[in-house]
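Trainee: I'd like to go over a predicted model; first the sequence, then the structure.
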Amino acid sequence: MRLSAYFMPTLKENPTEAQIVSHRLMLRAGMIRQASAGIYSWLPLGFRVLKRIEQIVREEQDRAGCQEVLMPTIQSADLWKKSGRYDDYGKEMLRIIDRHEREMLYGPTNEELITDIFAASVRSYKELPRMLYHIQWKFRDEVRPRFGIMRGREFLMKDAYSFDLDFAGAKRAYNKFFVAYLRTFARMGLQAIPMAADSGPIGGDMSHEFIILAETGESAVYCHKDYTEFDVLARDIDYDGDLEPIVQHWTSLYAATDDKHDPARFEQVPADRRIATRGIEVGHIFYFGTKYSKPLNAVVSTPSGEQVPVHSGSYGIGVSRLVGAVIEASHDDAGIIWPDAVAPFKVGLINLKAGAAACTTACDEIDAKLRNAGVDVLYDDRDERPGAKFADMDLIGLPWQLIVGPRGIAAGKVELKRRATGERQELSVEAALAKVLA
Ligand code: 5CA
């Protein structure tokens, strides 16, 4: 992709409305644009990152045995009246009346709808367990939308739902999502800590939030420092095996959000191992038993022929919020530092002298070679000062910068910079390409 033709409206000045670094950098890098309070358009650069994050989430859900569906954004109020949440949800729910005077709503979550889909076809314990998810826009009319896409009114969520015969089955499902979440966030370069959490309007009595520690986070959190030194879960998982030891390990030490914080228990953590800080909630899992299956009549027959409501849980990931969370966790004064796995492009190719034939020929060749090898390249072919090019490239934070200048190329050399470390190397074109492709 040539930068001269790319729609990336970067800003030189810090936008005054942005209070936290991720919001500031997303606006400055031309990733998003506010449409109205808490509602954003995703511009090409931001949309690429959103899609990368979504794809990692999808792959890890699939790996855990969860199947993707797509439910609508607009729902009928009927099911919500059955569950009792039509009234409970209050002003946070965006209510819509259609032309036939029917009460509709823009879904803030999907427990009712998925339970109804399940109930319509599943009859027997033999068809259990089932795990379904979708990745869909949600709307919550938050009182105070803020920090850009971190707390939006419209936001992209992955929400999954599990259906089991009893608590034991539901706990197995809960463990699968718990472990899948550790893997998901680890793949994005994030250290997420599972913390005992309040279940709020979703309900239920077992719940964990997955928290990225950050001063700019919205929630006060308390945890044992050892969690920050735990190895992230990167290895392959046998999802049919016993996941309880992994879950036990990751819940063995104190970790709680504000609502569940127990100062007396926290005091028992050695003083130098106590962390009291703030965090960003990137995922939240719930077990709520028969809370929705009972009112929505999602029952199955047991081996003895009895009819019982199924046990369920729901499992959310803030897909759009994660874009901000990754930036909060990975940036410096010059801009964003994308982890390789979510970077919008892998390489930024900088032509330092767009008017010089040698530079342009070399850049065109490098661009073609990288693209042929399946690498996403953003090629800065603009006629701009080198300083402006370097600043833009640092701001948008691509993992590699390949810099082609007149003096170097005359000697067959280019410069390769790793954005995360700032390390620069002068290499032959072939060696630089080999490093990027490794
Ligand atoms: N139905 C359940 C789980 S599927 C549910 O809705 N859970 S939730 O309310 O905790 O939301 C799931 C995730 O969505 C949160 O962990 C958070 O990462 C993200 N999220 C929630 N509200 C917002 C918001 N206003 N803006 C951006 N992301 C949000």
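Mentor: Thanks, I have the structure now. Numbers count the residues shown, from 1 in each chain.

Trainee: please make it C-alpha for all contacts and neighbour counts, starting now.
Mentor: Noted.

Trainee: show me the contacts for Lys225.
Mentor: 273-275 (Cα atoms under 8 Å, 6 or more residues apart in numbering).

Trainee: how close does the residue lying closest to it once chain neighbours are set aside sit to the ligand?
Mentor: Counting by Cα to Cα, 6 or more residues apart in numbering, Arg273 is the residue found nearest to Lys225 once chain neighbours are left out, at 4.8 Å. Counting by Cα to the nearest ligand atom, to the nearest Å, the gap from Arg273 to the ligand is 26 Å.

Trainee: same question, Pro245
Mentor: Between Pro245 and the ligand the computed distance is 24 Å (Cα to the nearest ligand atom).

Trainee: partners of Gln401 in the sheet?
Mentor: Gln401 forms beta bridges with Gly348, Lys417, as assigned by DSSP bridges.

Trainee: give me the neighbour count for it.
Mentor: For Gln401, the tally of surrounding residues (other Cα atoms under 10 Å) stands at 26.

Trainee: in strands, which of the contacts of Lys225 fall?
Mentor: 274-275 (DSSP state E).

Trainee: how close does Gly318 sit to Ile74?
Mentor: Distance of Gly318 to Ile74, computed by Cα to Cα, to the nearest Å: 19 Å.

Trainee: which of these two has more neighbours?
Mentor: A side-by-side neighbour count of Gly318 and Ile74, using other Cα under 10 Å, places Gly318 first with 23 against 16.

Trainee: tell me who's in contact with that one.
Mentor: Residues in contact with Gly318 (Cα under 8 Å, 6+ apart) are 155-158, 282-283.

Trainee: now do the contacts for the nearest residue to Arg2 once chain neighbours are set aside.
Mentor: Nearest non-adjacent residue to Arg2, counting by Cα to Cα, 6+ apart: Tyr379, 4.7 Å away. Tyr379 is in contact with 1-3, 348-351, 367, counting by Cα under 8 Å, 6+ apart.

Trainee: emit the ChimeraX select command for whichever of these are buried.
Mentor: Those of the contacts of Tyr379 that count as buried under 16 or more other Cα atoms under 10 Å are selected in ChimeraX with:
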select :1,3,348,349,350,351,367
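
Trainee: which pair in the contacts of Tyr379 spans the largest distance?
Mentor: Met1 and Asn351 (13.3 Å; Cα to Cα).

Trainee: residue ranges for the strands of the stretch 301-438 of the chain, please.
Mentor: For the stretch 301-438 of the chain, the strands defined by DSSP state E, counting those that start in this stretch cover 307-309, 311-318, 331-332, 335-336, 347-351, 377-380, 400-404, 413-418, 424-428.

Trainee: between these, which gets nearest to the ligand?
Mentor: The closest of these to the ligand is strand 311-318. By Cα to the nearest ligand atom, the value is 3.4 Å.

Trainee: is that closest one anywhere near the ligand?
Mentor: Yes: Strand 311-318 reaches the ligand (Cα under 6 Å from any ligand atom) through 314-318.

Trainee: list the pairing partners of that strand within its sheet, with orientation.
Mentor: strand 154-164 (antiparallel), strand 274-289 (antiparallel).

Trainee: using JSON lines, please lay out these together with mean neighbour count and mean pLDDT.
Mentor: Shown next, in JSON lines, are the strands paired with strand 311-318 (neighbours: other Cα atoms under 10 Å; pLDDT from 0 to 100):
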{"stretch": "strand 154-164", "mean neighbour count": "24", "mean pLDDT": "98"}
{"stretch": "strand 274-289", "mean neighbour count": "23", "mean pLDDT": "97"}
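
Trainee: near the ligand, which residues of the chain?
Mentor: Checking the chain against the ligand by Cα under 6 Å from any ligand atom, the hits are 109, 150-153, 155, 157, 159-160, 281-285, 314-318, 321.

Trainee: which among the contacts of Tyr379 gets closest to Lys51?
Mentor: Met1 (17.0 Å).

Trainee: for that closest one, which non-adjacent residue is spatially closest?
Mentor: The shortest distance from Met1 to any non-neighbouring residue, by Cα to Cα, 6+ apart, is to Leu378 (5.0 Å).

Trainee: ok, that neighbour - contacts?
Mentor: 1-3, 345, 347-349.

Trainee: now it: how far from Val347?
Mentor: Computed as Cα to Cα, the Leu378 to Val347 distance reads 6 Å.

Trainee: now do Leu94
Mentor: Leu94 is 42 Å from Val347, by Cα to Cα.

Trainee: more neighbours: the two, which one.
Mentor: It is Val347, of Leu94 and Val347, that has more neighbours when counted by other Cα under 10 Å, with 27 against 17.

Trainee: correct me, but the more buried one touches Arg371?
Mentor: No: contact between Val347 and Arg371 fails when scored by Cα atoms under 8 Å: they sit 10.3 Å apart.

Trainee: mutual contacts of these two, please.
Mentor: Joint contacts of Val347 and Arg371 (Cα under 8 Å, 6+ apart) are Val377.
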